[in-house]
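S.K.: Structure for the following, please:
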Amino acid sequence: IIGNVWSNSEEDVIPAGDAAKGYTAITTQASGNTYPVVQEIVKTVYGAGKGNLEDKSRIGSVYHNLGIVNGILNVEAIRIAQEKFGHRTLTGDEVRWGFEHLKLDPAKVEALGAKDLFHSINVSWDNHEGEGYVTFQQWDGKKWNVVSDWIAPDWALLRPIIEKSAEAYAAEKGIKPRTAADAEAVAATN
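M.R.: A predicted model of the protein is given here:
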């Protein structure tokens, strides 16, 4: 059995006990507490008596690291938007513009202290997947271990399926699909 991203946490395997040993699941971010960004949070936040994580053994867990990755993506998208629109409170459309210009190559991911925690991200107005890299992890009874390299999806196969489904949904719901001009309109008005 190979689990998807909604069955890849400690909460999914610990209750099964020994029966979960060897279970493999796909993930978009690795678990573990050895990444520099995680260590910096441990030192700066928890070491200073800040933060509200009651169970410190959760540091480095799948969901803890997912929160860290989401924090990185949010901060970097807002940083990009503020570079474009000014260092002020942003509108929702401006933040979306920042997300749609989010490009974190492997060197930037490493500079953020997150090398191997997650792969590069390259988002655009018409590609919110951001490259879609995944890795596989296996439960050993105590922790998850990464057991594959980062794997890119087969976009030649997947993108037409996604486009067809999106077009059908938009037609059914009367939704006008966004265009590049729509996506950049917020930048033109500021």
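S.K.: What ranges in the chain fall below the confidence cut-off?
M.R.: Within the chain, the ranges that satisfy pLDDT under 70 run 190.
S.K.: Where do the strands of it begin and end?
M.R.: Taking DSSP state E to define them, one finds strands in the chain at 2-3, 24-27, 103-104, 121-122, 135-139, 144-146.
S.K.: What residues sit buried inside the lengthiest helix in the chain?
M.R.: Counting by DSSP state H, the longest helix found in the chain is helix 62-85. The neighbour-count check on helix 62-85 (16 or more other C-beta atoms under 10 Å) flags 62, 64-66, 68-69, 72-73, 76-78, 80-82, 85 as buried. No exception for glycine: its C-beta is placed from N, CA and C like everyone else's.
S.K.: Most widely separated two among those residues?
M.R.: Spanning the widest gap among those are Val62 and Phe85, at 34.2 Å by C-beta to C-beta.
S.K.: Adding distance to Ala188 and mean neighbour count, write the strands of the chain out as JSON lines.
M.R.: Below are the strands of the chain laid out as JSON lines (distance: least, C-beta to C-beta, whole Å; neighbours: other C-beta atoms under 10 Å):
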{"stretch": "strand 2-3", "distance to Ala188": "44", "mean neighbour count": "14"}
{"stretch": "strand 24-27", "distance to Ala188": "38", "mean neighbour count": "19"}
{"stretch": "strand 103-104", "distance to Ala188": "21", "mean neighbour count": "18"}
{"stretch": "strand 121-122", "distance to Ala188": "23", "mean neighbour count": "18"}
{"stretch": "strand 135-139", "distance to Ala188": "39", "mean neighbour count": "20"}
{"stretch": "strand 144-146", "distance to Ala188": "43", "mean neighbour count": "18"}
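S.K.: picking up where we left off before, show me what the longest helix of the chain is in contact with.
M.R.: For helix 62-85, contacts defined as C-beta atoms under 8 Å, 6 or more residues apart in numbering pick out 8-11, 27-32, 35, 37-38, 41, 53, 58, 88, 90, 94-95, 97-99, 101-102, 104, 112, 114, 117-118, 121, 144, 187, 190.
S.K.: And for stretch 140-158?
M.R.: 8, 10, 18, 20-22, 24-25, 27, 30-32, 62, 116, 119, 129, 131-139.
S.K.: mind saving the C-alpha coords of it as CSV?
M.R.: What follows is stretch 140-158, C-alpha atoms only, in CSV (Å, rounded to 0.1, in the frame of the first residue of the first chain):
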residue,chain,number,x,y,z
ASP,A,140,10.1,2.3,10.4
GLY,A,141,8.0,2.1,13.6
LYS,A,142,9.4,5.3,15.1
LYS,A,143,9.9,7.8,12.3
TRP,A,144,9.5,8.5,8.6
ASN,A,145,12.6,7.9,6.4
VAL,A,146,12.8,9.4,2.9
VAL,A,147,13.2,6.4,0.5
SER,A,148,13.3,8.2,-2.9
ASP,A,149,14.7,11.1,-4.7
TRP,A,150,12.4,14.0,-5.5
ILE,A,151,10.1,13.0,-8.4
ALA,A,152,8.6,15.4,-10.9
PRO,A,153,5.1,14.6,-12.2
ASP,A,154,4.5,13.7,-15.9
TRP,A,155,3.0,17.0,-16.9
ALA,A,156,2.6,15.8,-20.5
LEU,A,157,0.2,13.2,-19.2
LEU,A,158,-1.4,15.2,-16.3
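S.K.: Kind regards, and thank you for your time.
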